[in-house]
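Undergrad: Can you look at this prediction? I've put the sequence above it.
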Amino acid sequence: HNVAPGTRRVIIYGAGRAGQQLALSLRHEPQIYLVGFFDDDLRLDGQRLDGFPVFGSNRLSEILADTEVDEVLLAIPSASRMRRREIIERLQEQHIYVRSLPSLSNIIEGSVTVNDLREIQIDELLGREAVAPNEVLMGRTIVGKTVLVSGAGGSIGSELCRQILNCRPARLILLEQSEFALYAIEQELAETTRTLGIDVPIVLELGNVAERSTSMRIYRNHRPDTVFHAAAYKHVPLVETNPISGVRNNVLGTLFGVEAAEANGVAHFTLISTDKAAQIATGGPVTITHRDITRYFMTIPEASQLVIQASAMARGGEVFVLDMGQPVRILDLARSMIQLSGLSVRDSDRPDGDIEIVETGLRPGEKLYEE
C-alpha cells in the first residue's frame, strides 16, 4: 500500500475495546497510517476489524518485516504486568519504537485517544506485579480526616495527594513553595474530583516550610490530623554545593513542621526523607556508573502507598520494607529503554548504532549492589 512520505506506519497490539477506540482516534491523524492489529487470540488471525487486518501475535517478526512498520502501539490495558513485559521483550528484539496506553487504573472511564499514548515506562520492565496496598491501612489515617501534604507539588508529594484523595479525607491541605507546582497539582486533583465525583475540599497553601511562622500559622489554621512531610530537596550534588539552603529546607523545615505538629495536636506525622527516582534519557549518550551495578526498583505510586500504610502501622521506631523482587541490572534497563525507542545501542558489536552507553565510574560512597 502506497503511503505518503513522512507518514508513520503503525500496528496496534490488542484488538479489544481499547485497541478499537485507539484505531478510531488514529483516523483523525493524517501523519499515521494504520497497518492493522496484532492479538494474542490466534483465532482472530486473518479476520478484519473495522476494515483492518488482524494478525496473530505468533507471526510478530514476520509481519513487522513484511509491512515495514515504524511503530507498535500497545493497547492492552488489562494485561498483567508480567504479560506486558513478555510482549515488550519480544518487541524489543525487533528494534522498533513502542508506545503504550497506560494500565486500566490510569485510564479514567471514557474513550481512548492517541493523546493517551506514552513511552514505555521503566516500571513496565521490572518484571513483577505492583504490590497491591492494604485498603484498611491506606484509609486508617486518612478517611474522614484533615490531611496535610507539604511539598505537595513534588514527585512523591503529588503522588501522595493522588492516593490520599482516593481514600476520601475530610479535607486535603496542599503546602508547596513553588507556585507553578502547586497550581499544576491543584488542576489535576480538581479534574479528578470532578470526574470521579469526589467531594473533598482542597486547600492551597503557598508557603515555605523553612519559615517557622508559616508552618505554625498553617498548622494552627487547619489543625490537621495527619501530615506527610515531603518537602525535602533530594538532588544530592545540588544540595552539596548549596549546603546552607539544603540545611535550611531539609533540616529546619522538618524541625518547624514537627514543632507545629506537636503544638497543634497532629496525631500522625510522617517524614519522607529521600526519594531517588531513576530517569533514563533517550538522546544519548546514556550514562551509567558501572556496567555491573544493580538496583531494586519500586514505582512512585508503590512508594506513596508504602508511606501511607507504614504511617498507619507505625507505633514508633519500626522499619517497614517492601519486598521488591529481584534487583535489576541498570545496564540491561538502559539497553531496553534505548531499543524500545526504536533506536539501537552503539557498542563494539554495533559501531554504527544510534546511542552509546557510557560508564562514568562509581560515585563516592556508591555501591554496586544494594542490601
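TA: Nice, thanks for sending it over.
Undergrad: and Arg329, how many residues sit next to it?
TA: Counted with other C-beta atoms under 10 Å, the neighbours of Arg329 add up to 15. Every residue, glycine included, has its C-beta placed from N, CA and C.
Undergrad: Now it: closest residue in space, sequence neighbours ignored.
TA: Once flanking residues are discounted, Arg329 sits nearest to Thr294: 5.1 Å by C-beta to C-beta, 6 or more residues apart in numbering.
Undergrad: Would you list the phi and psi of that neighbour?
TA: The phi/psi pair for Thr294 (degrees, to the nearest 10) reads phi -120, psi 150.
Undergrad: Distance of it relative to Gln339?
TA: Thr294 sits 19 Å away from Gln339, going by C-beta to C-beta, to the nearest Å.
Undergrad: try Tyr219
TA: Counting by C-beta to C-beta, the gap from Tyr219 to Gln339 is 50 Å.
Undergrad: What is the neighbour count of the closest residue to Ile198 other than its chain neighbours?
TA: Nearest residue to Ile198, sequence neighbours excluded (C-beta to C-beta, 6+ apart): Leu165, at 6.3 Å. Counted with other C-beta under 10 Å, residues neighbouring Leu165 total 20.
Undergrad: Was I right to think Leu165 contacts Arg171?
TA: No. Proximity of Leu165 to Arg171 does not meet the contact threshold set by C-beta atoms under 8 Å, at 11.0 Å.
Undergrad: Overlap in contacts, the two.
TA: Overlap between the contact sets of Leu165 and Arg171, as judged by C-beta atoms under 8 Å, 6 or more residues apart in numbering, is given by Val200.
Undergrad: Domain map for the protein?
TA: Domain assignment of the chain by automatic domain parsing yields the ranges 8-120, 135-276.
Undergrad: hey, least reliable of those domains by pLDDT?
TA: Among the domains of the chain, domain 8-120 has the lowest mean pLDDT, at a mean of 83.
Undergrad: Might you calculate how far it sits from the centre of the chain?
TA: Here domain 8-120 is found 21 Å from its chain centre; the criterion is C-alpha atoms, centre = their mean, to the nearest Å.
Undergrad: swap in stretch 243-263?
TA: Per C-alpha atoms, centre = their mean, the centroid offset for stretch 243-263 relative to its chain is 28 Å.
Undergrad: ok, and for it, which residues are buried?
TA: Within stretch 243-263, the residues that qualify as buried are 246, 248-250, 253-254, 256-258, 260-261, counting by 16 or more other C-beta atoms under 10 Å.
Undergrad: Please apply the same query to stretch 10-20.
TA: In terms of neighbour count (16+ other C-beta under 10 Å), stretch 10-20 has its buried residues at 10-16, 18-20.
Undergrad: same check, this time on stretch 329-343
TA: Here stretch 329-343 shows 330-331, 333-343 as buried, counting by 16+ other C-beta under 10 Å.
Undergrad: How about stretch 131-146?
TA: 131, 133, 137-142, 145-146.
Undergrad: Tell me the one of these nearest Glu356?
TA: When these are compared for distance to Glu356 (C-beta to C-beta), Val131 wins out at 35.0 Å.
Undergrad: Over to that closest one. Which of the three states is it?
TA: Under DSSP: H, G, I helix; E, B strand; the rest coil, Val131 falls in the coil class.
Undergrad: Check Lys367 too.
TA: Using three-state DSSP, the structure places Lys367 in coil.
Undergrad: Give me the distance between it and Arg194.
TA: Noted for Lys367: a distance of 46 Å to Arg194, by C-beta to C-beta.
Undergrad: hmm, who's touching stretch 51-64?
TA: 11, 13, 15, 23, 34-42, 44-48, 69, 72, 87, 90-91, 93-94, 96.
Undergrad: Stretch 180-187 now?
TA: By C-beta under 8 Å, 6+ apart, stretch 180-187 touches 152-154, 157-158, 161, 174, 176, 202, 204, 206.
Undergrad: buried residues in it?
TA: Buried residues in stretch 180-187 (16+ other C-beta under 10 Å): 181-182, 185-186.
Undergrad: and of the buried residues of stretch 329-343, the nearest to Glu29?
TA: Gly342 (17.9 Å).
Undergrad: Show me what the nearest residue to Leu91 once chain neighbours are set aside bridges to in the sheet.
TA: Residue nearest to Leu91 in three dimensions, not counting chain neighbours: Val98, with 5.2 Å by C-beta to C-beta, 6+ apart. Counting by DSSP bridges, Val98 is bridged to Val72.
Undergrad: what about Ala152, how many neighbours?
TA: So Ala152, with other C-beta under 10 Å, has 29 neighbours.
Undergrad: Neighbours of Thr214, how many?
TA: Neighbours of Thr214 under the rule other C-beta under 10 Å: 19.
Undergrad: just Val236 next, same as before
TA: 13.
Undergrad: what's the distance between it and Arg350?
TA: From Val236 across to Arg350, the span is 34 Å (C-beta to C-beta).
Undergrad: so who does Ala232 touch?
TA: With C-beta under 8 Å, 6+ apart as the criterion, the residues that contact Ala232 are 151, 249-250, 253-254, 272-274.
Undergrad: before we move on, back to that, now the residue nearest to Leu91: how far from Arg83?
TA: The gap separating Val98 from Arg83 is 15 Å, by C-beta to C-beta.
Undergrad: Comparing these two, which shows the higher neighbour count?
TA: More neighbours surround Val98 than the other of Val98 and Arg83, with 21 against 12 (other C-beta under 10 Å).
Undergrad: what sits against the more buried one?
TA: Val98 touches 71-74, 88, 91-92, 120, 340, 342, counting by C-beta under 8 Å, 6+ apart.
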